[in-house]
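A.B. asks: Here's my sequence, what's the structure:
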Amino acid sequence: MVSDINQLSSSVSILLGVLTYFLSLVNDKTTRLLKEDVPPTAAAIARIDMRSRCYKALLAGHLPMIAGFFVLFYLCLPTSISILGISSFDLWCFDPLRTLLVFLEIGVLMCLLFSISLTMKVRKRLRALRD
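C.D. replies: Model (predicted):
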């Protein structure tokens, strides 16, 4: 089981690094998009352009990122739960490999929640553009 956890933690670390890089790119693009003012209702073409950029950000950035973090979280969840079930809390004598996997799972969860919050901000902007 130790080699399985070792391979799993290595794989999760690599995927988490790639997804976090993708998250930083999407975060930068989303931040720039959300800093722009909503065009007035009279500027219909500008509103349509901003709406299309928001949809593009959702479909090309946010949804794949959320899907990636969710799949990674879901794949590691059974192992993390079994580790938490058989382990006891000890401040000094702990298994570093199992602890690392649990912390990686917590990191994936935090990135997933951050991705969802970014998506909600873009959806809120889309609602503002519909009015």
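
A.B. asks: Any buried residues in stretch 92-111, and which?
C.D. replies: 98, 101-102, 104-105, 108-109, 111 (16 or more other C-beta atoms under 10 Å). Quick note: C-beta positions are derived from backbone N, CA and C, even for glycine.

A.B. asks: How about K121: what's its closest non-neighbour residue?
C.D. replies: L34 (6.0 Å; C-beta to C-beta, 6 or more residues apart in numbering).

A.B. asks: can you count the residues close to the one you found?
C.D. replies: Neighbour count for L34, taken as other C-beta atoms under 10 Å: 14.

A.B. asks: pLDDT at it, what is it?
C.D. replies: Note on L34: pLDDT of 92.

A.B. asks: Correct me if wrong: it contacts M120.
C.D. replies: No - the pair L34 / M120 is not scored as a contact, 11.3 Å apart, by C-beta atoms under 8 Å.

A.B. asks: could you say what helices and strands the helix or strand containing the residue nearest to K121 packs with?
C.D. replies: Per DSSP states H and E, L34 falls inside helix 2-35. Counting contacts by 3 or more C-beta pairs under 8 Å, 6 or more residues apart in numbering; DSSP states H and E, helix 2-35 is packed against helix 44-57, helix 63-86, helix 96-130.
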